[in-house]
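Chemist: let's see this in three dimensions:
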Amino acid sequence: MGILIENLEMVLEYVVSVCTIMLEMVGITVLVWSAIRCFFGWIHKDQHVRLDLAQGIALALEFKMGGEVLRTVVVREWRELGILGAIILLRGLLTFLIHWEIENEKKELQEHAKKTDTLKKHGESEAVK
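Modeler: The predicted structure is shown next:
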């Protein structure tokens, strides 16, 4: 029975390691893809570049945080758990700040769109007169 449990623990560690690496890779891929897309958007003077980049960073952090949470399954020492907890806390704070920035950016874009619409309507009414 002891050998079976040891083998199951090895399988669990292997599966968690593979899944953690996959989540980390997805996070890195999302971050790089978002950065490349936003770079070209910035070149073309797209107004939504900051919002798109913030959303890409937030999504990448979510994948990376998922990998860290999964890694806690195979932690054997309190020291390792403390380090993982600190990493998760920092990434959580970063995600919170990025989501806050996303909301502010959305508000700014909506205000800018309202001003533009108002100016267009005002310009059209002036042209009709």
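
Chemist: residue 119 is in what secondary structure piece?
Modeler: Assigning secondary structure by DSSP states H and E places residue 119 in helix 78-128.

Chemist: give the other helices and strands that that helix contacts.
Modeler: If contacts are counted by 3 or more CB pairs under 8 Å, 6 or more residues apart in numbering; DSSP states H and E, helix 78-128 sits against helix 49-71. From N, CA and C alone the C-beta is placed, and that goes for glycine too.

Chemist: so which bits of the helix it packs on are buried?
Modeler: Residues 49-68, 70-71 are the ones in helix 49-71 that count as buried (16 or more other CB atoms under 10 Å).

Chemist: equivalent analysis for stretch 85-101, please.
Modeler: When burial is assessed from 16+ other CB under 10 Å, stretch 85-101 yields the following buried residues: 88, 91, 95, 98, 101.

Chemist: quick one: contacts of it?
Modeler: Around stretch 85-101, the neighbours that count as contacts under CB atoms under 8 Å, 6 or more residues apart in numbering are 54, 57-58, 61-62, 64-65, 68-69, 72.

Chemist: now with 10 Å?
Modeler: Contacts to stretch 85-101, defined as CB atoms under 10 Å, 6 or more residues apart in numbering, come from residues 50-51, 53-62, 64-69, 71-72, 75, 78.

Chemist: could you do stretch 2-10 as well?
Modeler: Counting by CB under 10 Å, 6+ apart, residues outside stretch 2-10 touching it are residue 74.

Chemist: the lowest-mean-pLDDT helix or strand in the chain vs helix 49-71, what angle?
Modeler: Ranked by mean pLDDT, DSSP states H and E, the weakest helix or strand in the chain is helix 78-128, scoring a mean of 82. Between helix 78-128 and helix 49-71, the angle comes out at 160 degrees (axes from the mean of the first three to the mean of the last three CA atoms, to 10 degrees).

Chemist: and helix 78-128, how far out from the chain's middle?
Modeler: A distance of 13 Å separates the C-alpha centroid of helix 78-128 from that of its chain, computed with CA atoms, centre = their mean, to the nearest Å.
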